[in-house]
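Asks: what follows is a protein structure lacking sequence information:
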């Protein structure tokens, strides 16, 4: 994702804060996202993914990995360490450039990013201090002694782990340009100003691809990856009217960037960055070659030359995609009971694929068969079993968490071993033989190509 010195613009365009409150409430009520350490008062802008949230999060990462790595012969994966040598951050420019201007209110002592507020404190109207530079990397120490020689940092991005392993990956996997190295992992930024739920937090998970190309082909590859990544979001159900591109003006580019374009999403609070696609040129490999004294060039067998590849970097945060998907999927429609809340997630991303209900909980034959059906699906899908409350109420609970299919075992099921399968969005119902359920549901919840 882009450096903190080039924060994505967030335009307040008819914000729907009531909708945002409903989404946050749903996430907590249905087990998607919890405030971390809540019983101790919480930690600002830090969140835990609950039982359903972790399933949606896993599905997002699996969808990304499938399309970026498994379906591409020119991309391989990596999982680098969070703690790295301090010289990595010196070479990358993070020690010098990963800074935000910080001001403090002289009256209430609240702190803010200077480039995001006016001349007065937004909380109390008090006078602000002069801006000072604040490095947003979390500092820690390696070993038992807290001294300068033991200083380390929690990584603010996963990209540098890819760059320092470039040569090893290229040689061990015998990769030829153009090729990419992908990584999903935690990153940490000590943001001054956080908020808007999962949008800006201090601990988050990144999905990053560093795609290495020949110099001179970088602009074409940059445009290609922008198109590819925008198409990915549409494939998984985000509405076109809620997406747009934001090319960074030259004066706002990060120190390593030749060109950066953000994929922006219209969140309930306004437009915000969903993913950044940067042309990092050969900056990182050259810097690490210089600081480490190691040759990170690529030897071209055809031209017999050593070159430093250029890099195109699509970089996204799992939490922001998570929030965008839920915001886009959240729907309310009137029904005879009042309001039906539906989370219209793409079936491949839905945390639960199917729910199994016995029509009556006090009929032992129905319960026994429902349990049999439930257990027969566990090896194939994430499935829930529910026998509590009226059948309509059970449907509503599953609608709220985005479950694509509900399977009801009724008295006809005892006679012919067919069940009623009800589809989430249309609420259409169809009789399906029990032994055909896997074949019926499977293609409908598969990751699209």
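Replies: That came through, no problem. For clarity, every value in this text was computed on a predicted model and none was experimentally measured.
Asks: tally of neighbours for residue 169?
Replies: Using other C-beta atoms under 10 Å, residue 169 has 18 other residues around it. Using the backbone N, CA and C atoms, a C-beta is placed for each residue, glycine as well.
Asks: need the contact list for it.
Replies: The contact partners of residue 169, taken as C-beta atoms under 8 Å, 6 or more residues apart in numbering, are 76, 78, 162, 175, 181.
Asks: can we see that at 7 Å?
Replies: Counting by C-beta atoms under 7 Å, 6 or more residues apart in numbering, residue 169 makes contact with 76, 78, 175, 181.
Asks: element containing it?
Replies: Under DSSP states H and E, the secondary-structure element containing residue 169 is helix 166-172.
Asks: what comes up buried for whichever helix or strand comes after that helix?
Replies: Using DSSP H and E, the helix or strand that directly follows helix 166-172 along the chain is strand 179-188. Judged by neighbour count using 16 or more other C-beta atoms under 10 Å, the buried positions of strand 179-188 are 179, 180, 181, 182, 183, 184, 185, 187, 188.
Asks: which one of those is nearest to residue 362?
Replies: Residue 362 has its nearest neighbour among the buried residues of strand 179-188 in residue 184, at 46.5 Å by C-beta to C-beta.
Asks: which residues does that closest one bridge with?
Replies: With DSSP bridges applied, the residues forming beta bridges to residue 184 are residue 207.
Asks: gap between it and residue 158?
Replies: Residue 184 sits 8 Å away from residue 158, taking C-beta to C-beta, to the nearest Å as the criterion.
Asks: center of this protein - which residue?
Replies: In the chain, the residue lying closest to the centroid (C-alpha atoms, centre = their mean) is residue 318, at 1.2 Å.
Asks: isn't residue 440 right up against residue 433?
Replies: No: the pair formed by residue 440 and residue 433 falls short of the contact definition of C-beta atoms under 7 Å, at 8.8 Å.
Asks: so for these two, which residue has more residues nearby?
Replies: Just comparing residue 440 and residue 433: by other C-beta under 10 Å the higher neighbour count belongs to residue 440, 16 against 13.
Asks: quick check, that one in a strand?
Replies: No: counting by DSSP: H, G, I helix; E, B strand; the rest coil, residue 440 is not part of a strand but helix.
Asks: and the angle from the lengthiest helix in the chain to strand 179-188?
Replies: For the chain, the helix with the greatest residue count under DSSP state H is helix 218-235. On the basis of axes from the mean of the first three to the mean of the last three C-alpha atoms, to 10 degrees, helix 218-235 is oriented at 60 degrees to strand 179-188.
Asks: what does helix 218-235 contact?
Replies: With contacts defined as C-beta under 7 Å, 6+ apart, helix 218-235 is touched by 67, 178, 211, 213, 240, 243, 245, 259, 261, 263, 275, 277, 279, 281, 310, 312, 314, 448.
Asks: which ChimeraX command selects the buried ones in those residues?
Replies: Entered in ChimeraX, the line below selects the buried ones among those, by 16+ other C-beta under 10 Å:
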select :67,178,211,213,243,259,261,263,275,277,279,281,310,312,314
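Asks: which of the contacts of helix 218-235 fall in helices?
Replies: No part of those ends up in helices, with DSSP H as the criterion.
Asks: residue 373: which of the buried residues of strand 179-188 is nearest?
Replies: The shortest gap between residue 373 and any of those belongs to residue 184, at 34.4 Å (C-beta to C-beta).
Asks: show me what contacts the closest one?
Replies: The neighbours of residue 184, taking C-beta under 7 Å, 6+ apart as the test, are 61, 65, 205, 207.
Asks: residue 423 too?
Replies: 404, 405.
Asks: run a quick neighbour tally on residue 346.
Replies: The number of residues packed around residue 346, counting by other C-beta under 10 Å, is 20.
Asks: for the one 10 residues further on, same thing?
Replies: Residue crowding around residue 356 was assessed by other C-beta under 10 Å; the count is 25.
Asks: quickly list what it is bridged to.
Replies: Going by DSSP bridges, residue 356 is paired in beta bridges with residue 385, residue 407.
Asks: can I assume it is in contact with residue 378?
Replies: No: using C-beta under 7 Å, residue 356 and residue 378 do not qualify as a contacting pair, with a distance of 10.1 Å.
Asks: follow-up on the earlier one: okay, buried residues for the longest helix of the chain please.
Replies: With burial defined by 16+ other C-beta under 10 Å, the residues of helix 218-235 counted as buried are 218, 221, 222, 225, 226, 229, 230, 232, 233.
Asks: pLDDT of it, averaged?
Replies: Over the span of helix 218-235, the pLDDT mean works out to 98.
Asks: residue numbering should commence at 7 henceforth.
Replies: From this message on, residue numbering opens at 7, which makes the last subject helix 224-241.
Asks: quick one: residue 192 from residue 162, how far?
Replies: 11 Å.
Asks: for residue 439, that is, sorry about that
Replies: Using C-beta to C-beta, residue 439 is found at 54 Å from residue 162.
Asks: burial measure for residue 364, as a count.
Replies: Other residues within reach of residue 364 by the criterion other C-beta under 10 Å amount to 25.
Asks: typo on my end, residue 434
Replies: Using other C-beta under 10 Å: residue 434 sits among 9 other residues.
Asks: excluding covalently adjacent residues, which one is nearest to it?
Replies: What sits nearest to residue 434 in space, not counting adjacent residues and going by C-beta to C-beta, 6 or more residues apart in numbering, is residue 428, at 7.3 Å.
Asks: got the confidence number for the one you found?
Replies: Note for residue 428: predicted pLDDT of 98.
Asks: for it, which three-state class applies?
Replies: For residue 428, the reduced secondary structure class is strand; criterion used: three-state DSSP.
Asks: my read is that residue 314 contacts residue 306, right?
Replies: No: with contact defined as C-beta under 7 Å, residue 314 and residue 306 do not form a contacting pair (11.3 Å).
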